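Participant: let's see this in three dimensions:
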Amino acid sequence: MRILIVGGAGYIGSHVAREFLDAGHEVAVFDNLSSGRRDNLFPEARFVEGDILDYPALLGCMRGGFDALVHLAAAKAAGESMLKPEKYALQNLNGTVHILNAALEAGVGKVVFSSSAATYGEPKYLPIDEKHPTEPENFYGYTKLEVERLLGWYDRLRGLKFAALRYFNAAGYDVKGRIRGLERDPANLLPVVMEAAAGMRPEVQVFGDDYPTRDGTGVRDYVHVSDLARGHVAALEWVSREGRSLVVNLGSEKGISVLEIIEEARRVTGRPIPARIMPRRPGDPAQLYASSALARELLGWEARHSDVGSLVATTWEAYRASGALR
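Facilitator: A predicted model of the protein is given here:
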């Protein structure tokens with residue numbers, strides 16, 4: 001198939017592009033490079049530099065005769081979304097409307113959407129499955145849930161078929177070492193730990209060590225980005241085969257604590273990685289991890305590389321290869 005990956009120069013997008021290329025598809029990338037990087041692009045994938053808020057440019061690109069698109073272009077920092085809702089409304093909501101309207105106008109009938117476990121909010125039970133209530137606790141999660149609802153209406157009214165993939169915590173780097181462009185200004189735990197190991201920041205702040213968990217720190221479901229990328233290919237194949245839309249979790253089904261990540265990083269890197277205990281952040285649950293039973297059943301998907309050792313080792317290798325170490 002001919003696949004357009006919107007946001008394909010970013011951290012997750014570049015891994016998704018690589019997976020579709022490896023599966024034998026023809027790939028083009030549309031990205032404004034605001035957070036994506038040129039060194040995350042592949043020579044065998046056509047690149048169009050453009051912004052999803054520029055409707056004529058987006059439509060012009062989509063008229064290239066694509067069978068499907070993958071939508072990964074979004075502002076994604078949950079904390080920032082509570083301070084700058086205007087930014088998130090414009091990028092995540094208005095931008096998505098542009099993407100979907102351009103897809104309809106250009107005759108692109110299938111969409112794989114990068115959603116988020118942030119759609120669930122505070123866990124009512126664990127593991128979280130797709131029947132869990134969706135009550136986002138931050139504006140970022142709200143935007144992702146609203147896009148899912150929008151996709152549902154576009155399917156119902158215009159026949160646009162979609163797969164909405166509710167990621168848990170994406171981490172790691174390409175297991176074959178082909179992607180080395182580091183995230184700009186990362187906010188997620190593992191790249192923050194890597195920056196401390198590399199000497200790019202003085203310490204890691206650990207928000208709370210008195211949770212009712214095995215070591216007192218928060219436990220999260222980290223899913224390797226290479227596993228996520230496989231999930232996109234599997235989801236598009238399912239939608240194409242079944243002719244129906246899909247909302248599904250992609251998670252490792254395992255919880256890893258903050259201290260477990262830091263200790264593994266110390267072991268892998270051989271560096272001390274200072275960590276300072278801070279007060280809990282409001283709204284942070286003690287534990288959050290997925291059920292991916294539906295993905296196993298429908299897509300034949302499971303996390304293969306989402307153990308703590310693979311997550312840390314592939315990320316450290318990307319930092320070493322980038323020349324970021326100090």
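Participant: now do the helix or strand where residue 144 lies: everything it contacts.
Facilitator: Using DSSP states H and E, residue 144 maps to helix 139-158. For helix 139-158, contacts defined as Cβ atoms under 8 Å, 6 or more residues apart in numbering pick out 74-78, 80-82, 85, 88-89, 92-93, 96-97, 100, 104, 111, 113, 115-116, 118-121, 134, 136, 160-162, 164, 245, 247. Quick note: C-beta positions are derived from backbone N, CA and C, even for glycine.
Participant: can you select the buried ones among those for me in PyMOL?
Facilitator: Provided next is the PyMOL selection string for whichever of these are buried by 16 or more other Cβ atoms under 10 Å:
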select buried, resi 74+75+76+77+78+80+81+88+89+92+93+96+100+111+113+115+116+118+119+120+121+134+136+160+161+162+164+245+247
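Participant: what about the contacts of helix 139-158, which are in helices?
Facilitator: Counting by DSSP state H, the part of the contacts of helix 139-158 found in helices is 78, 80, 81, 82, 85, 88, 96, 97, 100, 104.
Participant: what comes up buried for stretch 39-46?
Facilitator: 40, 41, 42, 45.
Participant: just the strands in the stretch 201-326 of the chain please.
Facilitator: Using DSSP state E, counting those that start in this stretch, the strands of the stretch 201-326 of the chain run over residues 204-207, 219-220, 222-224, 246-250, 256-257, 275-278, 287-288.
Participant: and among those strands, the most buried is which?
Facilitator: strand 222-224 (a mean of 27; mean count of other Cβ atoms under 10 Å).
Participant: what packs against that strand?
Facilitator: Strand 222-224 sits against strand 169-171, helix 308-322, with contacts defined as 3 or more Cβ pairs under 8 Å, 6 or more residues apart in numbering; DSSP states H and E.
Participant: dump the residue contacts of the closest residue to residue 28 other than its chain neighbours.
Facilitator: Spatially, and ignoring its direct neighbours in sequence, residue 28 is nearest to residue 46 (4.2 Å; Cβ to Cβ, 6 or more residues apart in numbering). By Cβ under 8 Å, 6+ apart, the contact set of residue 46 is 27, 28, 29.
Participant: for the first one, helix, strand, or coil?
Facilitator: Of the three states, residue 27 takes strand according to DSSP: H, G, I helix; E, B strand; the rest coil.
Participant: is it in a bridge, and if so with what?
Facilitator: residue 3 (DSSP bridges).
Participant: got any ranges where the protein has weak pLDDT?
Facilitator: For the chain, no stretch has pLDDT under 70.
Participant: could I get the strands of the stretch 201-326 of the chain as TSV with distance to residue 70?
Facilitator: Shown next, in TSV, are the strands of the stretch 201-326 of the chain (distance: least, Cβ to Cβ, whole Å):
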stretch	distance to residue 70
strand 204-207	32
strand 219-220	24
strand 222-224	17
strand 246-250	14
strand 256-257	27
strand 275-278	36
strand 287-288	25
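Participant: was I right about residue 3 contacting residue 71?
Facilitator: No: judged on Cβ atoms under 8 Å, residue 3 makes no contact with residue 71 at a distance of 11.5 Å.
Participant: the chain - how does it break down into domains?
Facilitator: 2-171+223-250, 189-220+253-290+305-322 (automatic domain parsing).
Participant: any chance of these in a markdown table, plus distance to residue 297?
Facilitator: Putting those into a markdown table (distance: least, Cβ to Cβ, whole Å) gives the following:
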| stretch | distance to residue 297 |
| --- | --- |
| domain 2-171+223-250 | 9 |
| domain 189-220+253-290+305-322 | 13 |
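Participant: now do the contacts for residue 220.
Facilitator: 168, 169, 189, 255, 256, 287, 288, 289.
Participant: so it bridges to which residues?
Facilitator: Beta-bridge partners for residue 220, by DSSP bridges, are residue 256, residue 288.
Participant: give me whichever of the helices and strands packed on strand 222-224 is most buried.
Facilitator: Per-stretch averages of neighbours, counted by mean count of other Cβ under 10 Å, single out strand 169-171 among the helices and strands packed on strand 222-224, with a mean of 24.
Participant: run the angle between whatever helix or strand comes next after that strand and helix 308-322 for me.
Facilitator: Using DSSP H and E, the helix or strand that follows strand 169-171 in sequence is helix 189-198. Inter-element angle recorded for helix 189-198 and helix 308-322: 50 degrees (by axes from the mean of the first three to the mean of the last three Cα atoms, to 10 degrees).
Participant: got the buried residues for helix 189-198?
Facilitator: 189, 190, 191, 192, 193, 194, 195, 196, 197, 198.
Participant: got JSON lines for the residues you listed, with distance to residue 64 too?
Facilitator: JSON lines is the format used below for those (distance: Cβ to Cβ, whole Å):
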{"residue": "189", "distance to residue 64": "38"}
{"residue": "190", "distance to residue 64": "36"}
{"residue": "191", "distance to residue 64": "33"}
{"residue": "192", "distance to residue 64": "38"}
{"residue": "193", "distance to residue 64": "40"}
{"residue": "194", "distance to residue 64": "37"}
{"residue": "195", "distance to residue 64": "38"}
{"residue": "196", "distance to residue 64": "43"}
{"residue": "197", "distance to residue 64": "42"}
{"residue": "198", "distance to residue 64": "40"}
